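**Student:** Sequence and predicted structure below; questions after.
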Amino acid sequence: MPMIELIDITKNYRTALVETCALDSISLTIEEGEFVSVSGPSGSGKTTFLNVAGLLDTFDEGTYRIDGVDVSNLSDRAQSRIRNEKIGFIFQGFNLIPDLDVFDNVDVPLRYRRLPREERRQRIVRSLELVGLGGRMKHLPSQLSGGQQQRVAIARALASTPRLILADEPTGNLDSATAAEIMELLHELNEQGTTILMVTHDPGCAAQANRQIHLLDGRLIDLRDGDAPNLRLTQLHPAAS
Amino acid sequence: MDFGPILRSLSRNRTRTLLLTLEIAVTLAIVLNCWNLIDQQRASLLKPSGLDDEHTIAVEARPYSPDYQDFEFRQQVVRRDAEALRAIPGVVDATPISTWPLQGGGSSLQAKPLGAPDSDRVRAPYYTADTQVLSTLDLELVAGRAFEATDLPTHPGPQIMNVLVTKDLADALYPDGNAVGQTIDTGSEEWPDVIVGVLDYMYTPYGGGPMETRILFYPGNPGSAGRLRYLVRTEPEAFDEVYAAVDGVMKKSESQRIIETRTLIEIKGQGQVLNAFAVRILTAIIGLLLFVTTLGIYGMTSFSVTQRTKQIGTRRALGATQPAILGYFFLESGLVTLFGTALGLVGAWGLDLMIAGQMDSQRLGPAVLVAGITLLWLLAGLATGLPALRASRLSPALATRTV
């Protein structure tokens, strides 16, 4: 069963004067255990794609299944539950809560799952040790380097033992050495069976994925199918591939 | 629940938390005490006086003749006036009196059993009236005797006097209940007073406290060179006729003076003007404080939501439902309100002690505490609700927004 199955997904942004098509009839299937990168220039629809894939935003048309569950018309509560239990998020800006220490930050999604205190503690310690921050549990985010903060964010994603990790420019705010460490960490997670969908504009990072997808003007090119990233716009429509 | 993380988060934003906690505490302390004072003022406005208010006329004579400087002359005039007023058809009785009861003040003294330490002194309003005071004021004697003609002083200046006291004053001076025949010191050990009778009940507004029912009557035909006062109690059906007749009777009794007639109800109303004004002022203070504090809580929550927009988006992305976000802000605001309430209760207790030390006021009771705290929490809930609702409706997509 595919982990992600997007069928003809369309997303438009409307204002009083303008309607912009951010995702144009996108169809994509990602199997469990894949490491997929999504790249594309600014304004190509990468973030919209990630938001829709992560149930952070709605879409106008199409069908979307996560782990076989059609999420197109789920309630807010049901969507929240899927985000909490099946998806781990890693953000470009780390998105740690500045008032909470490392332990409490990793605890955030676990509290929403209402896990028992001891189980939460064990998960937090385990995931922080996995990212090499077992000794920084009482530190505030402001007391950590950018790389360490991103490791905390990864630990936060891991603590929920998700089957899918959505990473939004996970190395975007990091120097190249730290970025390499983070990519290494993602690879390790992928080798352990976690499906990873990573949005990045860095061709180097994108190339490290098992499968590369390119977005241009809201349309998707799956490079696995032999498409070149510099195809002419008329050739980029999914129907043409 | 997020108690732990929220507490730790609040402790890391100490200044903001402390300021709001203090605002809530000060508001609660003042609101509870104002409320308590309002309750007392309202109770005093509604309290029965024990007099026949509705059928009593207050007559004031303001002489301009120099003859009134003479004590003996004045005594004769007062006796003559009182007799003339009593003779009006429909009058139950009449008495001269030193100051108006129910006027919201007057004269007071501090009494104690003769020889007792000064700490035993009890404050009491006092009036001077003649032998007909009980039937004129419709007061009931419960022990001892009423004034007799021999109790009236025959000369001005200090002398031992026989007095009447209300039961509340008698009990305050002599808790064992043997007040009749006791000698009391009302300011001079050389010229003490003797309690000859105890009256069931009388209340006169005097700024609050138990002294309002601890009242003392001296015997006499009171009046100064510039003012003589009389109370006239009428049969209910004869009130209007007597009221109309009083002016003529007084002018006939003695000339060279201005006569002014009012009802005791009018005097009572004027006496309550300050009470009513105090109630309005205290109510306004309560309203203003609650409004400002509600605004403070709204401001803090609203600022908190605006400041944490991305954080809320992240929480939503990590699995928080809309009710969970709503609950988070209610819990955060609730904890601050809880700290403020705890501190406010201590402040309210201190303020209550201070007020009790300044005036004989009723102490803060559980009803006012419960009502005040409930109102504050309701307003805190309302102030939190709007921004919290706004927070809960924020999109989880904010988590990925970089600007």
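**Tutor:** Done, it's in.
**Student:** what sits against B:D171?
**Tutor:** Residues in contact with B:D171, defined by CB atoms under 8 Å, 6 or more residues apart in numbering or on different chains, are B:177, B:179. (Glycine included, C-beta is placed from N, CA and C.)
**Student:** Show the average pLDDT along the helix or strand containing it.
**Tutor:** Assessed by DSSP states H and E, B:D171 sits inside helix B:167-173. pLDDT averaged over helix B:167-173 equals 96, rounded to a whole number.
**Student:** Just read off the phi/psi values of B:H55.
**Tutor:** Backbone dihedrals for B:H55, given as degrees, to the nearest 10, come out at phi -120, psi 30.
**Student:** just checking, it touches B:E235?
**Tutor:** Yes: here B:H55 lies in contact with B:E235, judged by CB atoms under 8 Å, at a distance of 7.3 Å.
**Student:** anything in contact with each of those two?
**Tutor:** Common neighbours of B:H55 and B:E235 are listed as B:V92 (criterion: CB under 8 Å, 6+ apart).
**Student:** The residue positioned nearest the centre of chain A: what's it in contact with?
**Tutor:** Within chain A, one residue has its C-alpha closest to the average C-alpha position: by CA atoms, centre = their mean, that is A:L166, at 1.4 Å. Going by CB under 8 Å, 6+ apart, A:L166 touches A:50, A:53-54, A:87-90, A:197-199.
**Student:** Columns distance to chain B and secondary structure on top of those residues, output as a markdown table?
**Tutor:** Converted to a markdown table, the contacts of A:L166 look like this (distance: CB to the nearest CB, whole Å; DSSP: H, G, I helix; E, B strand; the rest coil):
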| residue | distance to chain B | secondary structure |
| --- | --- | --- |
| A:L50 | 6 | helix |
| A:A53 | 11 | helix |
| A:G54 | 7 | coil |
| A:I87 | 8 | strand |
| A:G88 | 9 | strand |
| A:F89 | 5 | strand |
| A:I90 | 11 | strand |
| A:L197 | 13 | strand |
| A:M198 | 13 | strand |
| A:V199 | 9 | strand |
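**Student:** returning to that earlier point: run me through the strand neighbours of the helix or strand that contains the residue nearest to the centre of chain A, direction for each.
**Tutor:** A:L166 is located in strand A:164-168, with elements delineated by DSSP H and E. Strand A:164-168 has its sheet partners listed here by DSSP bridges as strand A:87-90 (parallel), strand A:195-199 (parallel).
**Student:** mean confidence score for that strand?
**Tutor:** For strand A:164-168, mean pLDDT is 93.
**Student:** chain center to the helix ranked longest in chain A, what's the gap?
**Tutor:** For chain A, the longest helix by residue count, based on DSSP state H, is helix A:176-191. Centre-to-centre, helix A:176-191 and its host chain are 14 Å apart (CA atoms, centre = their mean, to the nearest Å).
**Student:** what does stretch A:160-174 give?
**Tutor:** So, by CA atoms, centre = their mean, the centroid of stretch A:160-174 is 5 Å from its chain's centroid.
**Student:** tell me the contacts of B:G106?
**Tutor:** Residues in contact with B:G106 (CB under 8 Å, 6+ apart) are B:99-100, B:125-127, B:204, B:206.
**Student:** try it again with 7 Å
**Tutor:** Remark: with contacts taken as CB atoms under 7 Å, 6 or more residues apart in numbering or on different chains, B:G106 is in contact with B:99, B:125.
**Student:** Secondary structure element holding it?
**Tutor:** Here B:G106 is assigned to no helix or strand, by DSSP H and E.
**Student:** Relative to B:A324, how far out is the residue in chain A that chain B sits nearest to?
**Tutor:** Each residue of chain A has a distance to chain B, by CB to the nearest CB, and the smallest belongs to A:N84, at 2.4 Å. Computed with CB to CB, to the nearest Å, the distance linking A:N84 and B:A324 is 10 Å.
**Student:** Show the low-confidence segments of the chain, by residue range.
**Tutor:** If you meant another chain, say so; for now it's chain A. Judged by pLDDT under 70, chain A has its weakly predicted residues at A:223-241.
**Student:** if you could check chain B rather than the one you did, that'd help
**Tutor:** In the prediction, chain B carries residues with pLDDT under 70 at positions B:1, B:360, B:402-403.
**Student:** Does anything pack onto the helix or strand harbouring B:I258? Which helices or strands?
**Tutor:** Per DSSP H and E, B:I258 falls inside strand B:257-263. Strand B:257-263 is packed against strand B:56-63, helix B:239-253, with contacts defined by 3 or more CB pairs under 7 Å, 6 or more residues apart in numbering or on different chains; DSSP states H and E.
**Student:** quick one: contacts of that strand?
**Tutor:** Contacts of strand B:257-263 from elsewhere in the structure, counted by CB under 7 Å, 6+ apart, are B:57-64, B:243, B:246-247, B:250-251.
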